[in-house]
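>>> Please work out how this folds:
(one chain, ligands or ions: 2)
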Amino acid sequence: MTRAAEFEMLEVLCHPVIDVKMAKLRDKDTPSQDFRRILFELAGLMSASVFRHIKTVSIEIETPLEPITAVALPVHVPCIVSILRAGNGMADALSALLPEAAIGHMGLQRDPDTHNPEYYYEKLPPEIKARQVIMTDPMLATGGSAIMTADRLKSRGVTDIVFCCLVAAPEGVHAFTTAHPDIPIITAALDRELNENCYILPGLGDAGDRIYNT
Ligand code: PRP
Ligand code: URA
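Ligands and ions are numbered 1, 2, ... in the order given. The predicted model follows:
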């Protein structure tokens, strides 16, 4: 894949309110209770761009004045798949705005030495292969966790996936779009690089620890 094609699948949201909230999230002095709330607000602000990918079906309804053709969600409603733990913060915000959605969980934990994700848990709704999936995880660092999640979803027959994160590293974007060139990535920020521990610079630190105060 060429660099141009790689970044064609990446949407970096450009919005002053998102940028203001991202600055608060990045600030090391922002306490956990504020971090959690701001992350929820940011995912809500991103939702319009994420949900733009959702496919609908036509339905016939009647307004008080006349019949019209309108749109509805398909029978197999989309599924938001949260990459545990940190993905929950974003999944909560998206599901608050699309309460019809099913919610799945993918439990992965990066090994502190190799930085590779280790799988520990998965719970998905029935008929997952018939659903569109929105994957949520605030951080796209090496890309290992997002790639493994998409691999596992595709192995279950899922064909239509969108990935929503808050902060992406160029290394992660490259790895993810190489592994899954069909999956759009929507992010609030594209950061500079990874450090030697595969943390994103400037980043916001460990998202899971900051959300859950661990
Ligand atoms: C963090 C983050 C992503 C992953 C990103 O999770 O929430 O899932 O790392 O890194 P990658 O792109 O290099 O795979 P972590 O494994 O620390 O688990 P946690 O959310 O439970 O803290
Ligand atoms: N996981 C995080 O929570 N933060 C990073 O910067 C990289 C991986």
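>>> CA atoms only for the one helix or strand S82 maps to, dumped as PDB, please.
Secondary structure assigned from DSSP states H and E places S82 in strand 79-84. Only the C-alpha atoms of strand 79-84 are listed here, as PDB (Å, rounded to 0.1, in the frame of the first residue of the first chain):
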ATOM      1  CA  CYS A  79     -22.300  -3.700  17.100                       C
ATOM      2  CA  ILE A  80     -19.900  -1.500  19.000                       C
ATOM      3  CA  VAL A  81     -16.900  -3.600  20.000                       C
ATOM      4  CA  SER A  82     -14.900  -2.200  22.900                       C
ATOM      5  CA  ILE A  83     -11.300  -3.200  23.200                       C
ATOM      6  CA  LEU A  84     -10.900  -3.600  26.900                       C
END
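>>> Run through the neighbouring helices and strands of it.
Under the contact definition 3 or more CB pairs under 8 Å, 6 or more residues apart in numbering; DSSP states H and E, strand 79-84 sits against helix 87-97, strand 102-110, strand 133-136, helix 144-155. For every residue, glycine as well, the C-beta is placed using N, CA and C.
>>> so, in contact with ligand 2 or not, the lengthiest helix in the chain?
Counting residues, the longest helix in the chain under DSSP state H turns out to be helix 32-51. No. Figure legend: helix 32-51 not in contact with ligand 2 (CB under 6 Å from any ligand atom); closest approach 11.7 Å.
>>> List of residues touching that helix?
The contact list for helix 32-51 (CB atoms under 8 Å, 6 or more residues apart in numbering) reads 11, 13, 15, 17-18, 21-22, 24-25, 30, 89-90, 92-94, 96-98, 134, 136, 138, 162, 164, 166, 186, 188, 207, 210-213.
>>> which of these count as buried?
11, 13, 18, 21-22, 24-25, 30, 89-90, 92-94, 98, 134, 136, 138, 162, 164, 166, 186, 188, 207, 210-211 (16 or more other CB atoms under 10 Å).
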